[in-house]
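1. Provided below are the primary sequence and the corresponding predicted coordinates.
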Amino acid sequence: MLQGDSHVDRIQEVQVNMMSMNDPLANMMSKILNAEKTGKKTCTVKPFSKLIKAVLTVMNECMYIGESTESEDGKGNHLTVNLLNKVNKCGAIKPRFAVRNTQYEKFEKRYLPAKNMGILIVSTPKGVMTHLKSKEQKLGGRLIAYCY
C-alpha cells in the first residue's frame, strides 16, 4: 500500500461510520423484528424518543413485547426491550397517512393479514393508541406503525 492510499481509506471509513438515521422509529421496529426472528430474549434500542416509548407502551399493552427499561451508559441512554416471541411482522408506516375514524378498514386491509389480527398504531390528539381504541373513541389521527 502506498503512503497516500491510507489517508483515502481512513476518510471513507469515517464517512461510513457517521451515517445518519433517517427514521429512528423504523429502525427500532426492524431491530425488534430481527431480534424476534433470531430468537433473542432482549433487544437494545438507541436512540429513542417519546414517540418510540409510546409505541413500545402500546405494543406492551397488546402483549406483543414485554417490559422496556431505560438504561444509561457513558455514550447516552438506551432502551432494553424484553421480547415475548409473539411478533410475526412489524414496521413503520411511511408516509404517515392521515386517517379518519371511518377510514381504518382500508388501512387494515393494506397492512394487516386478516380481520381482527394485529394492530395499527395511531397518533391521535389524545395520544398514541391502537386503531381499535381510536375507533371506539371515534378519533382520527396519523398512522405510525403496524404489528401482528
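-> Structure's in. What do you need? Values in this document were obtained by computation on a predicted structure and should not be read as measured data.

2. drop to CA atoms for contacts and neighbour counts, all remaining ones
-> OK.

3. where does the spatially most central residue of the chain sit, in terms of helix or strand?
-> Among the residues of the chain, residue 29 comes closest to the average C-alpha position under C-alpha atoms, centre = their mean, at 3.2 Å. According to DSSP states H and E, residue 29 maps onto helix 24-38.

4. buried sites along that helix?
-> Going by neighbour count (16 or more other C-alpha atoms under 10 Å), the buried part of helix 24-38 is 24-33, 35-36.

5. what's the first helix or strand after that helix?
-> Past helix 24-38, the next helix or strand by DSSP H and E is strand 42-45.

6. tell me the mean pLDDT for that next one?
-> Regarding strand 42-45, the rounded mean pLDDT is 96.

7. quick one: residue 77 and residue 71 touch, right?
-> Yes. Residue 77 is in contact with residue 71 according to C-alpha atoms under 8 Å; the separation is 5.7 Å.

8. return the helix or strand in the protein with minimum mean pLDDT.
-> Lowest by mean pLDDT, DSSP states H and E among the helices and strands of the chain is helix 3-17, with a mean of 50.

9. residue 82: what secondary structure?
-> Secondary structure assignment for residue 82 (DSSP: H, G, I helix; E, B strand; the rest coil): strand.

10. what do you get for residue 86?
-> Each residue gets one of three states, and residue 86 gets coil by three-state DSSP.

11. mind listing what it touches?
-> Contact analysis of residue 86 by C-alpha atoms under 8 Å, 6 or more residues apart in numbering lists 36, 63-65.

12. now distance to residue 128, secondary structure and pLDDT too, for those residues, in JSON lines please.
-> Putting the contacts of residue 86 into JSON lines (distance: C-alpha to C-alpha, whole Å; DSSP: H, G, I helix; E, B strand; the rest coil; pLDDT from 0 to 100) gives the following:
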{"residue": "36", "distance to residue 128": "23", "secondary structure": "helix", "pLDDT": "97"}
{"residue": "63", "distance to residue 128": "16", "secondary structure": "coil", "pLDDT": "97"}
{"residue": "64", "distance to residue 128": "16", "secondary structure": "coil", "pLDDT": "98"}
{"residue": "65", "distance to residue 128": "16", "secondary structure": "strand", "pLDDT": "97"}
